[in-house]
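**Q** return atomic coordinates for the entry below.
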Amino acid sequence: MTEQDILGSLDVLLDHLVIGAAAEQDSPRSIQYETFAFSRATSVLRSDEDERVRRRFETRLRLALHLAPLTAINYERSNPSPRWRLIREHLVSSFDRNRGECEPLAREIATLLDNWERTRDEVTGHRAFLLHRDGPYCRNCHVEFGTTPTSLLSSDPFKPYFESPEELLSIEVDHREAVSGLGTNVVENLQLLCRLCNAGKGDGLGVDVRQEARHAGSTISDVPLAHRYRMLYTVIDRDGRQCMRCDSASAELTVRLLVTGGAYVRSNLFTVCYECI
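**A** This next block holds a predicted model:
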């Protein structure tokens with residue numbers, strides 16, 4: 001049986017289960033199957049979105065590097081000539097275009113390379129402002145900074161603060177659109193995350209499907225911490241940063257398996273607050 005046949009069979013099975021449970025409206029069984037079907041569909045759509053973001057980022061960066069001369073790629077800030085001008089002159093000489101045509105593209109490439117090189121060190125000074133603007137909460141999982149959260153007290157393996165609480169519960173300034181994805185340091189692009197969620201977000205390009213497949217059959221305690229961070233962040237972000245049972249968008253969030261005993265994959269994980277577990 002091919003992979004396509006397997007996926008097709010799963011779709012048919014899900015449809016059958018959801019439709020077949022219709023007579024048991026609002027029964028726990030029908031709700032579980034319907035939730036699973038929607039979760040799988042959402043996961044597929046999210047995977048497509050992750051891949052589009054990855055392709056767009058890689059294409060833009062590769063194109064910029066292809067069109068820029070070495071002097072612009074290895075640009076020194078002490079150079080009296082602006083980066084965009086070096087790129088413009090390179091485009092003029094390499095592609096036989098006039099300066100007016102090349103200047104807008106040269107400026108765009110220079111901005112892209114500037115943003116790529118920009119360090120995160122510049123944003124730490126915004127922490128106090130962000131705490132005042134958004135409150136002392138992680139914008140992804142809503143843990144309250146400076147408290148002892150339920151996740152820590154319960155040693156939640158899906159949200160393993162207990163492995164290093166002082167470090168993983170610390171406040172970090174994060175770029176909504178990552179610097180690696182060409183995001184900027186303007187305050188509108190900044191938010192506060194706990195270190196665990198920030199580590200889970202990583203480059204913002206989602207979960208590597210190869211890593212997901214590698215650990216799909218593992219018990220949660222055997223899954224490497226870095227992968228647990230990534231899965232936690234990705235699922236909460238996918239679910240709109242709210243509990244999928246009570247719709248709370250303020251209570252501290254974690255994730256749980258949709259089907260107990262099922263695989264540790266995004267389509268079998270959902271976001272839930274501790275009051276609803």
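**Q** rest of the way, CA atoms for contacts and neighbours
**A** Noted.
**Q** residue boundaries of the helices in the chain?
**A** Along the chain, the segments classed as helices by DSSP state H run 3-20, 28-67, 70-73, 83-95, 99-117, 127-134, 150-153, 165-168, 195-201, 209-215, 225-238.
**Q** quick check: residue 85 touching residue 105?
**A** No - between residue 85 and residue 105 there is no contact under C-alpha atoms under 8 Å: 10.7 Å.
**Q** show me what contacts the nearest residue to residue 263 once chain neighbours are set aside?
**A** Using C-alpha to C-alpha, 6 or more residues apart in numbering and skipping the chain neighbours, the partner closest in space to residue 263 is residue 216 (5.1 Å). For residue 216, the contact set (C-alpha atoms under 8 Å, 6 or more residues apart in numbering) comprises 263-265.
**Q** next one: residue 195
**A** 167-172.
**Q** that one and residue 266: what is the separation?
**A** Residue 195 sits 21 Å away from residue 266, going by C-alpha to C-alpha, to the nearest Å.
**Q** just for this protein, where's the confidence low?
**A** 1-54, 57, 118-124, 178-185 (pLDDT under 70).
**Q** try 50
**A** Confidence mapping of the chain against pLDDT under 50 gives the ranges 1-3, 6, 21-24, 120.
**Q** show me the domain layout of it.
**A** By the record's domain assignment, the chain is partitioned as 3-117, 121-276 (automatic domain parsing).
**Q** just name the most buried of these.
**A** Among the domains of the chain, the stretch with the highest mean neighbour count (mean count of other C-alpha atoms under 10 Å) is domain 121-276, at a mean of 18.
**Q** centre of the chain to that one, how far?
**A** 9 Å (C-alpha atoms, centre = their mean, to the nearest Å).
**Q** now do stretch 63-71
**A** Put simply, stretch 63-71 sits 28 Å off its chain's centre (C-alpha atoms, centre = their mean).
**Q** pull the CA atoms of it into CSV?
**A** Taking C-alpha atoms only, stretch 63-71 is exported to CSV below (Å, rounded to 0.1, in the frame of the first residue of the first chain):
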residue,chain,number,x,y,z
LEU,A,63,18.2,35.4,-4.5
ALA,A,64,19.8,38.3,-2.5
LEU,A,65,23.0,36.4,-2.1
HIS,A,66,23.0,35.5,-5.8
LEU,A,67,22.6,39.1,-6.9
ALA,A,68,24.9,40.8,-4.4
PRO,A,69,28.7,41.2,-4.9
LEU,A,70,31.1,39.8,-2.4
THR,A,71,31.8,43.4,-1.1
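**Q** now what about that stretch, what contacts it?
**A** 73, 86-87, 90-91, 109, 112-113.
**Q** quick one: which of those residues is nearest residue 186?
**A** Nearest to residue 186, judged by C-alpha to C-alpha, of the contacts of stretch 63-71 is residue 112 at 14.8 Å.
**Q** distance check, that closest one against residue 103.
**A** For residue 112 relative to residue 103 (C-alpha to C-alpha), the value is 14 Å.
**Q** next one: residue 256
**A** 52 Å.
**Q** which ones are touching the residue nearest to residue 191 when sequence neighbours are not counted?
**A** Distances taken as C-alpha to C-alpha, 6+ apart place residue 174 nearest to residue 191, at 5.3 Å, with adjacent residues excluded. Counting by C-alpha under 8 Å, 6+ apart, residue 174 touches 190-193, 198.
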